[in-house]
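Novice: Predicted model and sequence below, questions to follow.
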Amino acid sequence: MPLYFDNAASTPLHASALAAMMPYLSDNYTNPSSIYTPARAARKAIDEARVTVASTINAKPEEIYFTGSGTEAINWAIRGVLEAQAQKGRHVVTTAAEHHATLYTCKHLEKLGYEITYLPVDAEGYVAPEAVSAAIRNDTVLVSIIMANNEVGTIQPMAAIGEITRKAGITLHTDAVQAVGHIQVDVEALQVDILSLSAHKFYGPKGVGAQYIKKGTRIAPLLIGGAQERGRRAGTENVAGIVGLAAALSVSAAEMAGEELRISALRDMLINEILARIPHTRLNGPRTNRLPGNVNVSFSFIEGESLLLHLDMLGCQASTGSACSSGALAPSHVLTAMGLSHELANGAIRFSLGRDNTAQDIDNLMVMLEKSVARLRELSPLYDDFCKNLLVPPTKEA
Ligand SMILES: *Cc1c(COP(=O)(O)O)cnc(C)c1O
């Protein structure tokens, strides 16, 4: 059995989600826009899924739109608001610790002449609500802030930010892809206008997401064509995906209270074990108020990528934090924004726990980690230098 600790990259499909999807992957292949009986059944399944998603985040069903992914929802939020509210200006406020879906969309917009303010984050990854307030200008159209960070698990003070943007009359979007299904998300309490989520981060299928858009929010469509999703997201619906998203979300929501506690306890156990048993390690992100399943640790003197490969050979799957940047040698923009040196950022690994992980998994992981880190440090010139400096008193050097 592989030890899977990459639930922030993707999760296994829940059995009940697969079961709910099966009819729409087999017998019922109709287009939900058609008028005959099986098509009306597919339409009804989509409508019911919309009700499920809405009730989970305290929205109304008519405020939920299904998309082709979390990335699509995020692109739509940012580009759609800028297009529909173009007369207001061309300025966006975001943070330096966003997912690439937001960061690279903003970088692209800069090339098109938009102005983006990337708010700094502190050593634990938090953005200050006062900084959001101070960054708002007359021509600010959108504030887009990630609700829970995918690399280090920091949960942002969204309600305080929502209060600021609501007062200022500025549209607030949040990338809640890591939050929904894992921690309580209430769009009314947070005062967000647009919220993006993705099924495969909470035991649903890949390639389907959803967008909450508060009634009255001005946003242009991203995809233009048919009248699906009330004319705001054209394209024949991914019926199986949508049904699977809702089925997975209802399980996650029903089990959330217990799972949040259980998984946070495993998270804290893993953090404590690593910091106690492996020297020269550092936790990235906050101790509390972090995603239940997120552990991000820097191992000094070694490369995170090498450690990942080592762990992979032992049958353990983890990540350096952002699937989209693996293979690249550049250190994580999130960790560098938090003030980590390149060395510590390159030595970081994310273990993201999920519904299948047990305390036994943590024990097994610790055995592998101790062995792998020790082995890689034996080979590390940086570690060699460090040990020599410790052993040889400087006076004897010259
Ligand atoms: C995974 C992820 C996304 C992208 O969602 P996809 O459905 O994979 O496109 C966006 N933001 C965050 C925080 C994520 O973790």
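Specialist: Ah, there it is. Numbers count the residues shown, from 1 in each chain.

Novice: Could you pick out the residues of this structure near the ligand for me?
Specialist: 69-71, 74, 99, 101, 146, 150, 175, 177-178, 198, 201, 209 (CB under 6 Å from any ligand atom). (Each C-beta comes from the backbone N, C-alpha and C, glycine too.)

Novice: how does it look with 8 Å?
Specialist: 8-10, 69-74, 98-102, 146, 148-150, 175, 177-178, 196, 198-201, 206-209, 323 (CB under 8 Å from any ligand atom).

Novice: So which of the residues you listed sit within strands?
Specialist: Of these, the ones assigned to strands by DSSP state E are Ile146, Asp175, Ser196, Ser198, Gly209.

Novice: ChimeraX command for the buried members of the residues of the chain next to the ligand?
Specialist: A single ChimeraX command selects the buried members of these (16 or more other CB atoms under 10 Å):
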select :8,9,10,69,70,71,72,73,74,98,99,100,101,102,146,148,149,150,175,177,178,196,198,199,200,201,208,209
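
Novice: Using CSV, lay out the ones in strands among the residues of the chain next to the ligand together with pLDDT.
Specialist: Listed next are those as CSV, based on pLDDT from 0 to 100:
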residue, pLDDT
Ile146, 98
Asp175, 98
Ser196, 98
Ser198, 98
Gly209, 98
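
Novice: Return the list of helices and strands in contact with the helix or strand that contains Gln211.
Specialist: Here Gln211, judged by DSSP states H and E, is contained in strand 209-213. In this structure, strand 209-213 packs against strand 64-67, helix 70-84, strand 194-198, with contacts taken as 3 or more CB pairs under 8 Å, 6 or more residues apart in numbering; DSSP states H and E.

Novice: Looking at the ones you listed, which is nearest to Asp384?
Specialist: Closest of the helices and strands packed on strand 209-213 to Asp384 is helix 70-84, at 42.4 Å (criterion: CB to CB).

Novice: partner strands of the following helix or strand past the closest one, parallel or antiparallel?
Specialist: Next along the chain after helix 70-84, taking DSSP H and E as the criterion, comes strand 91-95. Using DSSP bridges, strand 91-95 pairs in its sheet with strand 115-119 (parallel), strand 140-146 (parallel).

Novice: orientation of strand 91-95 relative to helix 70-84 in degrees?
Specialist: 150 degrees (axes from the mean of the first three to the mean of the last three CA atoms, to 10 degrees).

Novice: pLDDT averaged over stretch 45-53 - what is it?
Specialist: Per-region confidence: stretch 45-53 scores 98 on mean pLDDT.

Novice: Would you mind listing the residues in contact with Ile224?
Specialist: Counting by CB atoms under 8 Å, 6 or more residues apart in numbering, Ile224 touches Ala234.

Novice: Use 9 as the first number from now on
Specialist: With the count now opening at 9, the last piece we talked about shows up as Ile232.

Novice: From the ligand, how far off is it?
Specialist: 20 Å (CB to the nearest ligand atom, to the nearest Å).

Novice: now swap in Leu203 and tell me
Specialist: Leu203 is 12 Å from the ligand, by CB to the nearest ligand atom.

Novice: Based on its surroundings, how many neighbours for that residue?
Specialist: By other CB atoms under 10 Å, the residues close to Leu203 number 29.

Novice: now the helices for this protein?
Specialist: 23-33, 45-64, 78-92, 108-119, 137-143, 166-176, 195-198, 247-285, 312-321, 341-345, 350-354, 367-386, 389-399, 402-405 (DSSP state H).

Novice: For Ser306, which of those helices is the nearest?
Specialist: Between the helices of the chain, helix 350-354 lies closest to Ser306; by CB to CB that is 4.3 Å.

Novice: Show the contacting residues for the closest residue to Ala57 other than its chain neighbours.
Specialist: For Ala57, ignoring the flanking residues on the chain, the nearest one in space by CB to CB, 6 or more residues apart in numbering is Ala254 at 3.5 Å. Residues in contact with Ala254 (CB under 8 Å, 6+ apart) are Ala28, Glu56, Ala57, Arg58, Thr60, Val61.

Novice: what does Gly312 give?
Specialist: Ser306, Thr328, Asn354, Gly355, Ala356, Ile357.

Novice: now do 7 Å
Specialist: Thr328, Asn354, Gly355, Ala356, Ile357 (CB atoms under 7 Å, 6 or more residues apart in numbering).

Novice: Just those residues: which are in strands?
Specialist: Per DSSP E, the contacts of Gly312 map to strands at Ala356, Ile357.

Novice: now the contacts of Gly312 in JSON lines, with neighbour count and pLDDT?
Specialist: Supplementary listing: these in JSON lines, determined by neighbours: other CB atoms under 10 Å; pLDDT from 0 to 100:
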{"residue": "Thr328", "neighbour count": "25", "pLDDT": "88"}
{"residue": "Asn354", "neighbour count": "21", "pLDDT": "95"}
{"residue": "Gly355", "neighbour count": "29", "pLDDT": "96"}
{"residue": "Ala356", "neighbour count": "25", "pLDDT": "97"}
{"residue": "Ile357", "neighbour count": "26", "pLDDT": "97"}
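
Novice: The contacts of Gly312: which two are farthest apart?
Specialist: Asn354 and Ile357 (10.5 Å).

Novice: Please pick the buried ones from the contacts of Ala254.
Specialist: Using 16+ other CB under 10 Å, the buried ones in the contacts of Ala254 are Ala28, Ala57, Arg58, Thr60, Val61.

Novice: Among those residues, which one lies nearest to the ligand?
Specialist: Val61 (14.6 Å; CB to the nearest ligand atom).

Novice: State the distance from that closest one to Leu33.
Specialist: 20 Å (CB to CB, to the nearest Å).
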